[in-house]
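J.: Could you look at this predicted model? Sequence included:
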Amino acid sequence: GAGVSQSPRYKVAKRGQDVALRCDPISGHVSLFWYQQALGQGPEFLTYFQNEAQLDKSGLPSDRFFAERPEGSVSTLKIQRTQQEDSAVYLCASSQRTSGTHNEQFFGPGTRLTVL
Amino acid sequence: AQSVTQLDSQVPVFEEAPVELRCNYSSSVSVYLFWYVQYPNQGLQLLLKYLSGSTLVESINGFEAEFNKSQTSFHLRKPSVHISDTAEYFCAVSEGANFGNEKLTFGTGTRLTIIP
């Protein structure tokens, strides 16, 4: 497909379980972002990758959150020992990296995580 | 640190009436400004953006926004709305690319409901 895809679209986890959320960016996009969108809120930045390098993880809320992009394409966001406050929609976005201008971020449909 | 304020969480408007969705931002540096739209059961889509140049920017479906530096605002307007404009609208800012990191800071969103 031509857009950003994410899987699964919905995930229900029991408190304490580990989850892994996948993002397939647009082919050739260098930059990849993860955002967290709680109910009734706007998306909040979690982390940024440039190719396989994680250059900014300042938005990750705790050390239970871990993201990787080992080959510079697909990315996985892992949450260990999930808590109820982790319930949110997790959005992935990708963009090209062209110097001299702002690069549009293309968003995936998100993964809705519900922690019981 | 940058922040975005969308004071109106919900805006009901009659079909064919004008609408304005308000957005104010704060930042210590120059910013890029964006409006994203999220239609029901769809992902975030870029509606319009201000990067530089003319302070009035337009979208292909009749929306426009004006960057006002003195008032730190980027309000979204449309002179005549349609049922199809029903969606959640998010204002966002970026402080530009720090090592390519063009992370976005979003407001909490405004739900626009068009009344037939």
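T.: In hand now; what should we look at?

J.: what's the neighbour count on A:Leu21?
T.: 20 (other CB atoms under 10 Å in any protein chain shown). In short, each C-beta sits where N, CA and C put it, glycine included.

J.: so it touches A:Ala13, yeah?
T.: No - between A:Leu21 and A:Ala13 there is no contact under CB atoms under 8 Å: 10.7 Å.

J.: can you tell me which residue is nearest the centre of chain B?
T.: B:Trp35 (3.0 Å; CA atoms, centre = their mean).

J.: go on, chain A?
T.: A:Trp34 (3.1 Å).

J.: Specify the beta-bridge partners of that one.
T.: A:Thr47, A:Cys92 (DSSP bridges).

J.: quick one: buried residues of stretch A:17-33?
T.: A:Val19, A:Leu21, A:Cys23, A:Asp24, A:Pro25, A:Ile26, A:His29, A:Val30, A:Ser31, A:Leu32, A:Phe33 (16 or more other CB atoms under 10 Å in any protein chain shown).

J.: Of those, which pair is most distant in space?
T.: The distance between the two most remote of those (CB to CB) is 26.6 Å, for A:Val19 and A:Val30.

J.: In contact with B:Leu104, which residues?
T.: Going by CB atoms under 8 Å, 6 or more residues apart in numbering or on different chains, B:Leu104 touches A:Phe33, A:Tyr35, A:Pro43, A:Phe45, A:Gln105, B:Phe34, B:Ala92, B:Val93, B:Ser94.

J.: got any ranges where chain B has weak pLDDT?
T.: B:96-100 (pLDDT under 70).
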